[in-house]
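Asks: the following comprises the amino acid sequence and a computationally predicted model.
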Amino acid sequence: MGLSGVGTALVTPFREDFSIDVDALERLVESNILAGVNFFCVLGTTAETPTLTDAEQRLVRDTVVRVNGGRLPLLLGFGGNDTAGMLKRMQADAFEGMDALLIVTPYYNKPSQEGLYRHYRVLAEASPLPIVLYNVPSRTGVNLTAETTLRIARDCPRVIGIKEASGNVEQIERILQGRPDGFKVLSGDDKLTLPLMERGADGVVSVVSNLMPAEVSGMCRAIRRGETEKAAAMAARLEPVCDMLFAEGSPAGVKAALSLAGRMQNVLRLPLVTVSEELTERLSATLRQGTTMSGGTD
């Protein structure tokens, strides 16, 4: 499965009345495909998924599947902190058009490493699709250690990779060094894409690529071709934009930038709110300077 390179963690565009802007979502998917991204993450954290009803989640899924038309792999966010409840949802869903499930570590419960292992093992044994682990302790309150990750990778053939957003480069290096053949390691942090891919990671699940798909894709291709200086220069150009997009939380930053670029309205659902006026002005100045205008993809 082609879960390598750049996977855009799609935002959910809203209209002023908070309904889903299907037209903007269609444009976002198509523009990312044309810009060279390699796969999509659908209904992840960046999509404000906890604020979407079941019907709205289905609308987002169906829209992405339709526009994608089988061109790129689709990774579906499928989180929860109740293992039995997730099993019921899994058994009731045919996951039409999806290629793998991105399953975040259970949040709030703060399970032990043994609990995390058993959670993923139970789900892997029941899942109709391959599973990608998602470790993001800053949001969930628990860290999936390298040792537990590798134990799951060895014991659960249906688990094919991990989106690692711990920010712990040493931990991720241990996973890279000990992973079984074919186990994908994806950066869950845009700013760590370069150092992690230089160490052997397979790509990134990116927020920034919603706004700058050609630039993020071009950087990843340069890394994979061994063009170190070129990749470093591209990463340096992306870094200040990345800093701004995450300065007041995600997806608030990237939605503000997409709105300034005329691609969707700057609307989030509570408890998320739009970024400050000061940050909006900084983003606007960056856009006016042409920093976020897609050029070539190489």
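Replies: Arrived safely, thanks for sending. Numbers count the residues shown, from 1 in each chain.
Asks: give me the nearest residue to residue 46, chain neighbours excluded.
Replies: residue 9 (4.1 Å; C-beta to C-beta, 6 or more residues apart in numbering). C-beta coordinates here come from the backbone N, C-alpha and C atoms, glycine included.
Asks: for that neighbour, give me its contacts.
Replies: Residues in contact with residue 9 (C-beta atoms under 8 Å, 6 or more residues apart in numbering) are 41, 44, 45, 46, 47, 205, 206, 207, 209, 210.
Asks: now the fifth one, nearest residue through space, not along the chain?
Replies: Same thing as residue 47. Using C-beta to C-beta, 6+ apart, the closest residue to residue 47 is residue 12 (4.6 Å).
Asks: and that neighbour, how far is that from residue 45?
Replies: Per C-beta to C-beta, to the nearest Å, residue 12 is found 11 Å from residue 45.
Asks: and the two? Which one has more around it.
Replies: Counted by other C-beta atoms under 10 Å, residue 12 and residue 45 do not tie: residue 12 has more neighbours, with 28 against 22.
Asks: any idea how far residue 180 lies from residue 187?
Replies: 19 Å.
Asks: please read the previous query as pertaining to residue 289.
Replies: Taking C-beta to C-beta, one finds residue 289 at 27 Å from residue 187.
Asks: now swap in residue 48 and tell me
Replies: From residue 48 over to residue 187 the distance is 21 Å, taken as C-beta to C-beta.
Asks: neighbour count winner among the two?
Replies: Comparing residue 48 with residue 187 by other C-beta under 10 Å, the one with more neighbours is residue 187, at 24 against 19.
Asks: which residues touch the more buried one?
Replies: Going by C-beta under 8 Å, 6+ apart, the list of residues near residue 187 reads 163, 164, 165, 193, 196, 197, 201, 203, 204, 205.
Asks: same thing but 7 Å
Replies: Residue 187 makes contact with 164, 193, 196, 201, 204, according to C-beta atoms under 7 Å, 6 or more residues apart in numbering.
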